[in-house]
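In: sequence-free structure coming up:
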């Protein structure tokens, strides 16, 4: 469908989480940070998601609903992320990836900016090779969606570890709440 731009609207929907609950976009009272990750066993993704797990209460205190999408099966995601305190979405068919224009690139893991986090992620969280259908060359993407469904900020990563930090999400959410 092509990449999204700031100001685009996101259709209201309920997404089934790996915890068998529903996450609603847009949220009726919070800003949604919708982040697209790679595959469930990705060491960089696990390092990144862990930072959001550790600081989830801060995100909630700033009015941010966190939703993370992986192009993995529910089973693979439960193996790696079952205890996450926010919504995790399994999208093995990559329908949400196509809808939001999230791509893959050979340079995703060849970029020097991904090497340090990859090694750190392997030591802290291990690695599971991608399962059938999971793309190890995926790129991350982040979207901040307001209560009306409008995309108020976004980032398409240029390499495998090029995504917003928790601090960046909080700062962007503060600005969006003020607007």
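Out: Alright, I've got the coordinates. If you're wondering where the values come from, they're calculated on a predicted model, not measured in any experiment.
In: Name the next helix or strand downstream of the worst-scoring helix or strand of the chain on mean pLDDT, please.
Out: Lowest on mean pLDDT, DSSP states H and E among the helices and strands of the chain sits helix 112-125, with a mean of 69. Next helix or strand after helix 112-125 toward the C-terminus (DSSP states H and E): strand 141-145.
In: strand partners of that following strand, parallel vs antiparallel please.
Out: Using DSSP bridges, the strands paired with strand 141-145 are strand 31-36 (antiparallel), strand 151-156 (antiparallel).
In: Tell me the gap between the last one and the middle of its chain.
Out: The reference is to strand 151-156. 12 Å (CA atoms, centre = their mean, to the nearest Å).
In: For the following helix or strand past that strand, give me every contacting residue.
Out: Next along the chain after strand 151-156, taking DSSP H and E as the criterion, comes helix 166-178. Applying CB atoms under 8 Å, 6 or more residues apart in numbering, the contact partners of helix 166-178 are 31, 33, 51-52, 55, 58-59, 62-64, 142, 144, 146, 152-153, 164. Every C-beta, even on glycine, is put in place using the N, C-alpha and C of the backbone.
In: now those: which count as buried?
Out: For these, burial is judged from neighbour counts taken by 16 or more other CB atoms under 10 Å, and it is met by 31, 33, 52, 55, 59, 62-64, 142, 144, 146, 152-153, 164.
In: can you redo those as JSON lines with pLDDT and distance to residue 95?
Out: What follows is the buried ones among the contacts of helix 166-178, written out as JSON lines (pLDDT from 0 to 100; distance: CB to CB, whole Å):
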{"residue": "31", "pLDDT": "97", "distance to residue 95": "23"}
{"residue": "33", "pLDDT": "98", "distance to residue 95": "20"}
{"residue": "52", "pLDDT": "96", "distance to residue 95": "23"}
{"residue": "55", "pLDDT": "97", "distance to residue 95": "29"}
{"residue": "59", "pLDDT": "98", "distance to residue 95": "26"}
{"residue": "62", "pLDDT": "97", "distance to residue 95": "29"}
{"residue": "63", "pLDDT": "97", "distance to residue 95": "28"}
{"residue": "64", "pLDDT": "98", "distance to residue 95": "24"}
{"residue": "142", "pLDDT": "98", "distance to residue 95": "18"}
{"residue": "144", "pLDDT": "98", "distance to residue 95": "21"}
{"residue": "146", "pLDDT": "97", "distance to residue 95": "23"}
{"residue": "152", "pLDDT": "97", "distance to residue 95": "23"}
{"residue": "153", "pLDDT": "98", "distance to residue 95": "23"}
{"residue": "164", "pLDDT": "98", "distance to residue 95": "23"}
